[in-house]
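K.L.:
Return a 3D structure for these sequence lines:
(one chain, ligands or ions: 3)
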Amino acid sequence: MAIQGSCLCGTVRLEIDGPFPSLMSCHCSMCRKQHGAPFATYASAALAGFRWTSGEHTLGHYAASRYYTRSFCTTCGAVAPSLMPSEGLAFVPAGTLDGDPGIRVEGHMFVGSKAPWYDITDSLPQYEAYPPSLGDARPMQRRVVAAEPGKTVGSCLCGDVAYEITGAPAAMYQCHCSRCRKGRAAAHGANLFYKLDDFRWTSGESLVVDYKVPAAARFGVAFCRQCGGSTPRASAAGGTVVVPAGPLDTDPNMRPLAHIFVASKAPWFEITDTIPQLAEAPPPPRLTR
Ligand SMILES: [Zn+2]
Ligand SMILES: [Zn+2]
Ligand SMILES: [Zn+2]
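P.N.:
Ligands and ions are numbered 1, 2, ... in the order given. Below you'll find the predicted structure:
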């Protein structure tokens, strides 16, 4: 059984011989910053059964640590699989997969680095750092960032793009639309909506790539060209800035109002919290997809 995957813009395509041995959600700050999602979910697969079918030349690579290089589409910023030839493994973000890969999430790792606004409500096993099956139990150092009272700050994975927001968000939604899932390469996005006047880049604005989906009225994503890390998108209409909550360094002091576009939810992800669910778009204030 061959499983297909693709990025948001469709340039990067891949194929993997299934089935996958495991599927695990990771709440570490690096995954949250790269994906721009509340958490990332990864399938590990044998590298021997992995093939790029198009767009390999458009991949960008960022050495996030001595051991792990993260890859992304340089056109749309979507996180791409990371290949580890030394281990013979491919780590595939499940949000990139088309259709149903046939397996379900088995647990949560790096919950010690979890976003403060995200509650894990399922009954799957939780690991402070790596699960024992992956051998390495070293916890990741939690990055503590101080912000002035009333300010929310965020940054990309490499740290060169940074921003601050004053004032409160108008809304926060967990979005399950297919574009958020592909753009974040995750189960769903978590987006905050602020007034553009309240938002300011504090560094690296020139590194930000803004990608609008050609077929969409307005939908797009933004990311750092160096690391692929998800960034706010300041070009949204209506004087609004869309801020992915995953990369924030401080608590935005808002909790998700609803799961939206639930009709498009990933087949491998189950919603277990009590946050209201909407099949399609939320009521105003909203952004046209
Ligand atoms: Zn792409
Ligand atoms: Zn992670
Ligand atoms: Zn960056």
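K.L.:
Could you check how far the residue nearest to Val79 when sequence neighbours are not counted is from Glu15?
P.N.:
Spatial nearest neighbour of Val79, chain neighbours left out: Ala185 (3.9 Å); criterion: C-beta to C-beta, 6 or more residues apart in numbering. (Glycine included, C-beta is placed from N, CA and C.) Distance, Ala185 to Glu15, by C-beta to C-beta, to the nearest Å: 16 Å.
K.L.:
Between these two, which is the more surrounded one?
P.N.:
Per other C-beta atoms under 10 Å, whichever of Ala185 and Glu15 has more neighbours is Ala185, with 30 against 14.
K.L.:
that older thread, residues contacting the residue nearest to Val79?
P.N.:
Ala185 makes contacts with 7, 35, 37, 40, 78-80, 93-96, as judged by C-beta atoms under 8 Å, 6 or more residues apart in numbering.
K.L.:
Make a markdown table out of the residues you listed and add distance to ligand 2, secondary structure and neighbour count.
P.N.:
Below are those laid out as a markdown table (distance: C-beta to the ion, whole Å; DSSP: H, G, I helix; E, B strand; the rest coil; neighbours: other C-beta atoms under 10 Å):
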| residue | distance to ligand 2 | secondary structure | neighbour count |
| --- | --- | --- | --- |
| Cys7 | 19 | coil | 25 |
| His35 | 9 | helix | 32 |
| Ala37 | 11 | coil | 34 |
| Ala40 | 6 | strand | 27 |
| Ala78 | 16 | coil | 30 |
| Val79 | 11 | strand | 30 |
| Ala80 | 15 | strand | 27 |
| Pro93 | 10 | strand | 28 |
| Ala94 | 13 | helix | 24 |
| Gly95 | 13 | helix | 28 |
| Thr96 | 15 | helix | 25 |
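K.L.:
How about the contacts made by His259?
P.N.:
Here His259 is in contact with 173-176, 188, 271, 275-278 (C-beta under 8 Å, 6+ apart).
K.L.:
same thing but at 10 Å, please
P.N.:
173-176, 188, 190, 265, 271, 273, 275-279, 282 (C-beta atoms under 10 Å, 6 or more residues apart in numbering).
K.L.:
and which of those residues is nearest to Phe50?
P.N.:
Relative to Phe50, the closest of these is His188; by C-beta to C-beta it sits at 24.8 Å.
K.L.:
Neighbours of Arg32, how many?
P.N.:
Per other C-beta under 10 Å, the neighbour tally for Arg32 reads 29.
K.L.:
give the contact list for it.
P.N.:
Counting by C-beta under 10 Å, 6+ apart, Arg32 touches 26, 38-40, 110, 113-115, 118, 157, 186, 190, 229-230, 244-248.
K.L.:
For Ile260, see how far away it is.
P.N.:
On the measure of C-beta to C-beta, Arg32 and Ile260 end up 20 Å apart.
K.L.:
what about the strands in the stretch 151-289 of the chain?
P.N.:
151-155, 162-166, 171-175, 189-195, 199-203, 208-212, 220-224, 230-231, 240-244, 258-260 (DSSP state E, counting those that start in this stretch).
K.L.:
just so I know, which of these lies nearest ligand 1?
P.N.:
Closest to ligand 1 of the strands of the stretch 151-289 of the chain is strand 208-212 (C-beta to the ion; 7.9 Å).
K.L.:
Tell me which residues are up against the closest one.
P.N.:
8-9, 60, 73-78, 156, 161, 163, 183, 201, 218-225, 228-229, 231-236.
K.L.:
Okay, now the unreliable bits of the stretch 51-200 of the chain?
P.N.:
Along the stretch 51-200 of the chain, the parts satisfying pLDDT under 70 run over 134-144.
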